[in-house]
Each structure stands twice: as C-alpha cells, then as structure tokens.
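Trainee: pasting a predicted model and its sequence here:
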Amino acid sequence: MSDSASSTASDASPDDTGWTTRTKRLVGLGVAALVLVGLALPKISGSDSSGGGGGSSDAPTRVDATVLRPGTVTERIRTTGTLRADESVELTGEASGKITDIRFEEGTRVQEGDVLVQINDAELQAEKQRLEHELQLARDRAERQKRLLAEGGVSQEEYDATVNKVEVLEAELKLVEARIEKTKIRAPFSGVVGLRKVSEGAYISSQTTITTLQRIDPIKVNFSVSEQYASQVQPGQSISFSVRGLDRTLDGQVYADNASVDPETRTLQLRARAPNPDGTLRPGMFADVTVTLGTVDSAIVVPSFAVVPTLDGQRVFVVDNGTAQPRNITLGVRTDSTVQVTDGLALGDTVITSGIQDLRAGLPIRVETLE
C-alpha cells in the first residue's frame, strides 16, 4: 500500500511541474500581448480620427488679408552719380618765363580777375617805356606839323608820314601791353584754388600746370537713368541725393541732358545743380540719387510680398466666398514694400497676405487678421 502511494506521488510530480511551466509561459505571453495592444491603441485611434472624413484636414486654412482702399503711390528712380565742380580749370601761363611772385594761398577762395602768379616782365616793361616816349614825341611832332600845314610850313606828305608814325607806335605799344598782360596769370572766375605745383623762381612754359581753380557753389551732379525713363526725366526735374559722410538729404534740379542715349550702356546722361554755400560738397564725391517722376492718387496698392510670380505674369490670391481664388494682375509703380496694380483688382477686394505659397484655387480659408 505504501508502495502504491509512493508510486502515485512519484508519477504526479512531473505533471505538476509541466503544468506550472506552461502556466508561466502562458502568463508571459499574455502580458506581452497586452503590452503590444497598449502600444498599438494610440496609433489605431490616431488613424481612425484622421481617416474619418470630418477631421482637421478639412478645416479652413487660417490667413491674414487686407481690404484694398485708395492709396497714393510715388514713382521714383534710384541711381548713382558723381559730384563735379560747376566750373573747373587747370591754370597755365600764356607766356614763358620765370615766376617772380605767387599771390595766392593753397585752398583759399579767390575772386575773378585776381592776379595769382606774376612772370618776369622786366624786358617788356622797358620796351613799353621806350615806346611811350617815342609815341609822345611823335604826337608832339604831329601837333606842330598840323599847325605848320595850315601856314604852308610843311607839306601834306610830311604831315601824313608823321601821323602814320603815331599810329604805328600806338599799335606797337598795345602789342607790348598785351604781352605784359600775358605775364600775369589771373583767375578766370571766382572759386577755390587747389594745391600749387610750382614755386617762386621756377621757369614755366605754356604747358606748365600751376594749380587748379574750381567753382563749387553751386555744384553739379552727374548721373544717368535707363533709356526707358529718357522721356520722363527732363530739365527742370527735381532730384534728391545723399553723399557718404553727410547725415542729410540734399536737393538739386536737372538743368541739362545728353543729346543721345549711350549705345553701350543704354542709359541717358543727365546733369543737375545743387547749392553748396558752405563748400561741404566736394567734386569727385559719390552720390546716391533719387529722381521723383510723379505721384498717382487713388491707386490700388498691395504689399509686394502678396504678389506671386508665375510663368505668364504676376498673381495674387483674393478671398471669395470663404475660399482663396487666384487673380492675374498687371503691375505699375513699385516701391520698397508695395506695388501698384493697374489691372486685375478693384477697390474693396480682399487680398490674402500670408501663407501665399500654400494656397490653391478653391482652398477653404478663414481670415484671422483683416487690415
């Protein structure tokens, strides 16, 4: 009896052990399945919500927009230019000789007619004195002969020869005086002299540059515009310009343009004048020039960033019954931040100004900000 019981107990032990192992294995598989299901539920839930047809993909796109109202736009041309003296000349002498006197200070203002440099004229002065004496004697002789001619003391031929001698001496004296004048180098106009290139005692010729003379009030502004504006920029046109180093904008007026357009650059050369009473502006300075062509009132103006370039022109999107609709437009005057629309839009239209690249025809939209 004990053997039978012992045998039974011995046979049952392996079965119990196998059952326990299988149970643990099943429990482990169940736990793993629950974990997998837990991880999958959010994805299934998200997939169901996005694919249900009434989700967020059908929600209107939020955009900003602006209502078109009458505006004013000013057409301007921006270009570059160079400042030039109103008058400028390199001073040289007409006569050759040694400089005996320099009568100007470098960088100072001189008046028209001032003697700036004197060349040695001693020989010419001596010649002038000789001719003046001879002329005086000839005039006295002619006066005496005139009285004698009335009394028959001299012949008409003798008197005519003396009068002719007076006239010759007068002509020679004028010639010497003209040569003396050439030894004086004068300022041809009022202005500022530059740095001198000669010293007293130097021998100069007619090719020697002594200094420069410039009139800088007013000062000229040379600039050019594209040939498409050649008919719009005319003498009398106002300009504004700025130069480096000056913290202000200056005004000028166009007074001349070139007779032809440059065939290489396709630009028209123009010239303006601007006041320069304090001499702050110097010839050679670089200038940023702005030419105002005109102002358009009651214009349709849109922000430049609202315009989309296309293969066939320009386009904007407008709000139409809660959807975005494209409009092909024609542009006019451009400014830094806006463009004028000459065709394709009307006052009162609502133009979309945000998310332009994501818009398409018929896309449902909701205007968040209306300007």
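Mentor: Okay, I see it.

Trainee: and the helices in the stretch 101-250 of the chain, which stretches?
Mentor: 122-151, 156-181 (DSSP state H, counting those that start in this stretch).

Trainee: looking at the ones you listed, which is nearest to residue 108?
Mentor: helix 156-181 (23.6 Å; CB to CB). Yep, even glycine has a C-beta here, placed from its N, CA and C like the rest.

Trainee: that closest one packs against which elements?
Mentor: Applying 3 or more CB pairs under 8 Å, 6 or more residues apart in numbering; DSSP states H and E, we find helix 156-181 packed against helix 122-151.

Trainee: so residue 323 versus residue 341, what's the distance?
Mentor: According to CB to CB, to the nearest Å, residue 323 and residue 341 sit 21 Å apart.

Trainee: which of those two has more neighbours?
Mentor: Neighbours per residue, other CB atoms under 10 Å: of residue 323 and residue 341, the larger number sits with residue 341, 24 against 17.

Trainee: what pLDDT is listed against the more buried one?
Mentor: In this model, residue 341 is scored at 91, pLDDT.

Trainee: next one: residue 56
Mentor: In this model, residue 56 carries a pLDDT of 45.

Trainee: returning to what we had before: got JSON lines for the helices of the stretch 101-250 of the chain, with distance to residue 62, mean pLDDT and mean neighbour count too?
Mentor: Shown next, in JSON lines, are the helices of the stretch 101-250 of the chain (distance: least, CB to CB, whole Å; pLDDT from 0 to 100; neighbours: other CB atoms under 10 Å):
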{"stretch": "helix 122-151", "distance to residue 62": "94", "mean pLDDT": "91", "mean neighbour count": "14"}
{"stretch": "helix 156-181", "distance to residue 62": "87", "mean pLDDT": "92", "mean neighbour count": "14"}
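
Trainee: among those, which is nearest residue 61?
Mentor: helix 156-181 (87.6 Å).

Trainee: could you give the angle of the closest one to helix 122-151?
Mentor: On the basis of axes from the mean of the first three to the mean of the last three CA atoms, to 10 degrees, helix 156-181 is oriented at 160 degrees to helix 122-151.

Trainee: nearest to residue 255, of the helices of the stretch 101-250 of the chain?
Mentor: Per CB to CB, nearest to residue 255 of the helices of the stretch 101-250 of the chain: helix 156-181, 34.0 Å.

Trainee: and residue 268, how many neighbours does it have?
Mentor: Residue 268: 21 neighbours (other CB under 10 Å).

Trainee: contacting residues around it?
Mentor: Counting by CB atoms under 8 Å, 6 or more residues apart in numbering, residue 268 makes contact with 224, 225, 226, 227, 229, 230, 233, 257, 258, 261, 262.

Trainee: need the buried ones from these selected in PyMOL.
Mentor: To isolate the buried members of those in PyMOL, using 16 or more other CB atoms under 10 Å:
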select buried, resi 224+225+229+230+233+257+261
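
Trainee: among the contacts of residue 268, which are located in strands?
Mentor: 224, 225, 226, 257 (DSSP state E).

Trainee: which residue packs closest to the last one, ignoring adjacent ones?
Mentor: Which is residue 257. residue 270 (4.7 Å; CB to CB, 6 or more residues apart in numbering).

Trainee: for residue 329, see how far away that neighbour is.
Mentor: Applying CB to CB to residue 270 and residue 329 gives a distance of 32 Å.

Trainee: neighbour count: the two, which is higher?
Mentor: The neighbour comparison of residue 270 against residue 329 (other CB under 10 Å) goes to residue 270, with 26 against 21.

Trainee: could you check how many residues crowd around residue 83?
Mentor: So residue 83, with other CB under 10 Å, has 20 neighbours.

Trainee: who touches it in this structure?
Mentor: By CB under 8 Å, 6+ apart, the contact set of residue 83 is 219, 220, 221, 222, 243, 281, 282, 283, 284, 285, 286, 287.

Trainee: ok, of those residues, which one's closest to residue 186?
Mentor: residue 283 (21.9 Å).

Trainee: farthest-apart pair in the contacts of residue 268, please.
Mentor: 233 and 262 (14.6 Å).

Trainee: now tabulate the helices of the stretch 101-250 of the chain in a markdown table and tack on distance to residue 98.
Mentor: Shown next, in a markdown table, are the helices of the stretch 101-250 of the chain (distance: least, CB to CB, whole Å):
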| stretch | distance to residue 98 |
| --- | --- |
| helix 122-151 | 10 |
| helix 156-181 | 15 |
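
Trainee: using PDB, write out every CA atom in stretch 235-245.
Mentor: Below are the C-alpha coordinates for stretch 235-245, written out as PDB (Å, rounded to 0.1, in the frame of the first residue of the first chain):
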ATOM      1  CA  PRO A 235      15.500 119.700 -67.400                       C
ATOM      2  CA  GLY A 236      13.700 121.300 -64.500                       C
ATOM      3  CA  GLN A 237      13.100 117.900 -62.800                       C
ATOM      4  CA  SER A 238      13.800 117.900 -59.100                       C
ATOM      5  CA  ILE A 239      16.200 115.300 -57.500                       C
ATOM      6  CA  SER A 240      17.400 114.400 -54.100                       C
ATOM      7  CA  PHE A 241      20.700 112.900 -53.200                       C
ATOM      8  CA  SER A 242      23.000 111.900 -50.400                       C
ATOM      9  CA  VAL A 243      26.700 111.500 -50.000                       C
ATOM     10  CA  ARG A 244      28.800 109.500 -47.600                       C
ATOM     11  CA  GLY A 245      29.800 111.300 -44.500                       C
END
